[in-house]
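>>> this is a predicted model, with the sequence first.
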Amino acid sequence: MEGHRAFALARGETQLEAGDYRFLERFLDVTKANLFFAHGVLIVEGDAEAILLPTLAKLIGNDLTEHGVSIVNVGGTGLRRFGRIFQRMDQGTPKIGVPVACVADMDVMPDCAPQILGLVEGDDDEKWKSSKRRWKAVRDFGDDAKQREKGLDDQLKRLKVNDGQLVRTFVAEYWTLEYDLARCGLAEQVYLAALLAKNDDPLNEDKKKREDVIAEARIEFATLKSASGGNDEALCSQIFRLFHSNSASKAVAAQYLCELLPEFCEQDDIDAAGFRKLLPAYLVGAIDYVTAQPPQQTPESGSSDGGPMSDAEALIPEITDDDIDWVCSLMGLDAFDEPRRAYLKCRTTVDVSACPGSGKTTLIVAKLAILAKKWPHRTKGICVLSHTNVAREQIEHRLGRTVVGQRLLSYPHFIDTIHGFVNRFLSLPWLYSNGYPSPTIDDDVTTAYRRGVLGNKDYWSVQSFLTKSTMTLTICEFANAI
């Protein structure tokens, strides 16, 4: 869905190939399904990018949350397969207006790196000629500078071959995330983060102090920089060696970088424009691309301040401080602080980002209770969707404990999982309308229910019968369905 338009994902409607559908059935789980609800999508290859990009974006003035951008970590598999979800097959049809940036490594080492990483023992090592090696260096792309430039350009084009419509690939200028960050101006910060990651267990166990590890790392970095003699490729390869040898976790180092970089900017008085200059161009380009649209309206900047009212605002009752005090009393809650009150009053699109256990579900239930109390419409309702049955049941349970909340548990309102919504309002109606008799969505809930109804004796009897008998099943595919 985008705006008021639905885009089918059936075969023939997108540029996904047959193998892509099988791949996505395996890997498109709830951790990646947020791409269907985003205003912009960053598809990345690893945990480090997924952890670090929100901090980098905020430091250059492009907050991903404010722009409704989702990060999808595909773990190094299927980067371009996920991108093709957003590409329509028929070039004449409207395009999905969601910018998608695929962030990829160049995966080409500088020529000095293989020896530094211990992959070869010199320029004449026979391993350079091995057909089994899976790494590439610059020298593999030609015998002279001109040939190498062309070879690297061809490599870049291959990585971008599936770009089209609003899907674009942004490729590291040199090698990989950590190396490029170091090479472009953050070498010391990357080294500090790597040393902190290497000492993560002692730090968490209070056997070492953070400031001591940082002080030691600064001395080591200065020594390393001096020894490199101004050779940035050698220096940054030495830094990357910490990750290559598994001494430092990339994901943990990214977490430490998220702490170090804001401190670095504050201490050195570096503003957003200045920090941009210290980042690899491909990361800045990807962030700028997916945040090019105006930020989503927030409680502070929405049209409730006198601007034109959207359709959603016209439908949703206004929530006041008195309403919030009422729901706190009803649910036995402490008074909400200003950020939570701002969320409750918001009548436009807003994202809530917080850690587990911080009260997100409580806040949603409180807002739903207020809306239930003030809801004026008899044929228009509130749709509440969750990723899991656990979240749905928790919301229903909490609402069911209040008289006003019980109003949301029946028509015209709807509370269920995303799968439940699709099954009830899309899959089953389509099956009925196409003549399939008594269709059933065979999911885990159905299976558990059947198992609960049958006693052990009946269950195993049926199981044995089905194993020995031949059954004919009619399986339908939703081709040209919706």
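Good, I have the coordinates. If you're wondering where the values come from, they're calculated on a predicted model, not measured in any experiment.
>>> now do stretch 137-148: everything it contacts.
The list of residues contacting stretch 137-148 from outside it, by Cβ atoms under 8 Å, 6 or more residues apart in numbering, reads 108-111, 113-114, 128, 149-152, 155. C-beta: built from backbone N, CA, C; applies to glycine.
>>> and what of stretch 154-173?
15, 79-80, 83-84, 86-88, 95-106, 108, 141, 179-180, 183-184, 280-283, 285-286, 289.
>>> now with 7 Å, please.
80, 83-84, 86-88, 95-106, 108, 180, 280-282, 285-286, 289 (Cβ atoms under 7 Å, 6 or more residues apart in numbering).
>>> repeat that for stretch 54-63.
Contacting residues not belonging to stretch 54-63 are listed as 64, 258, 261-262, 265, 272, 275-276, 279, 283-284, 287-288, 291 [Cβ under 7 Å, 6+ apart].
>>> do that again at 10 Å, thanks
Contacts with stretch 54-63, where a contact means Cβ atoms under 10 Å, 6 or more residues apart in numbering, come from 42, 49, 64-67, 69, 71, 181, 254-255, 257-262, 264-265, 270-280, 283-284, 286-288, 290-292, 295, 353.
>>> quick revisit: weed out the non-buried ones from the contacts of stretch 137-148.
Neighbour-count burial within the contacts of stretch 137-148 applies to 108-110, 113-114, 151-152, 155; the criterion is 16 or more other Cβ atoms under 10 Å.
>>> distance from the chain centre to stretch 140-157, please.
The gap between the average C-alpha position of stretch 140-157 and the chain average comes to 33 Å, counting by Cα atoms, centre = their mean, to the nearest Å.
>>> cool, and stretch 49-61?
Its chain's average C-alpha position is 12 Å from that of stretch 49-61, according to Cα atoms, centre = their mean.
>>> may I see the buried residues of that stretch?
For stretch 49-61, a neighbour-count test (16+ other Cβ under 10 Å) marks 49-60 as buried.
>>> out of these, the closest to Lys373 would be?
Within the set of these, Pro54 lies nearest Lys373; the separation is 35.9 Å, counting by Cβ to Cβ.
>>> helix/strand/coil for that closest one?
Applying DSSP: H, G, I helix; E, B strand; the rest coil to Pro54 yields a three-state assignment of helix.
>>> what does Ile415 give?
Under three-state DSSP, the three-state class of Ile415 is strand.
>>> and the host helix or strand of Leu368, what does it pack onto?
When secondary structure is defined using DSSP states H and E, the element that contains Leu368 is helix 360-374. For helix 360-374, the contact count by 3 or more Cβ pairs under 10 Å, 6 or more residues apart in numbering; DSSP states H and E identifies helix 321-331, helix 338-345, strand 383-386, helix 389-400 as packing neighbours.
>>> mean pLDDT for these: which is lowest?
Sorting the helices and strands packed on helix 360-374 by mean pLDDT places helix 389-400 lowest, at a mean of 81.
>>> which residues sit against that helix?
Outside of helix 389-400, the residues within contact range by Cβ under 10 Å, 6+ apart are 331, 360-362, 364-366, 368-369, 372, 384-386, 388, 405-409, 413, 415-420, 444-445.
>>> which residues does Thr176 contact?
Going by Cβ under 10 Å, 6+ apart, Thr176 touches 45-46, 48-49, 104-109, 240, 243-244, 250.
>>> make TSV out of these and add distance to Asn162.
Putting the contacts of Thr176 into TSV (distance: Cβ to Cβ, whole Å) gives the following:
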residue	distance to Asn162
Glu45	15
Gly46	19
Ala48	23
Glu49	19
Ala104	11
Asp105	16
Met106	16
Asp107	17
Val108	20
Met109	25
Phe240	28
Phe243	28
His244	29
Lys250	26
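>>> got the residues you listed as a markdown table, with pLDDT columns?
Written out in a markdown table, the entries for the contacts of Thr176 read as follows (pLDDT from 0 to 100):
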| residue | pLDDT |
| --- | --- |
| Glu45 | 87 |
| Gly46 | 86 |
| Ala48 | 93 |
| Glu49 | 93 |
| Ala104 | 91 |
| Asp105 | 92 |
| Met106 | 91 |
| Asp107 | 90 |
| Val108 | 94 |
| Met109 | 94 |
| Phe240 | 94 |
| Phe243 | 92 |
| His244 | 88 |
| Lys250 | 93 |
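>>> could I have the helix or strand hosting Asp212 exported to CSV, CA atoms only?
Asp212 is part of helix 210-228, with elements assigned from DSSP H and E. This file holds the C-alpha atoms of helix 210-228, laid out as CSV (Å, rounded to 0.1, in the frame of the first residue of the first chain):
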residue,chain,number,x,y,z
ARG,A,210,36.1,2.3,29.3
GLU,A,211,38.3,5.3,29.7
ASP,A,212,41.4,3.1,30.3
VAL,A,213,40.7,1.1,27.1
ILE,A,214,40.2,4.3,25.1
ALA,A,215,43.4,5.9,26.5
GLU,A,216,45.4,2.7,25.6
ALA,A,217,43.7,2.6,22.1
ARG,A,218,44.7,6.2,21.4
ILE,A,219,48.3,5.4,22.1
GLU,A,220,48.2,2.3,19.9
PHE,A,221,46.6,4.2,17.1
ALA,A,222,49.2,6.9,17.2
THR,A,223,51.9,4.3,17.0
LEU,A,224,50.1,2.5,14.1
LYS,A,225,49.6,5.8,12.2
SER,A,226,53.3,6.7,12.6
ALA,A,227,54.4,3.3,11.4
SER,A,228,52.2,3.5,8.3
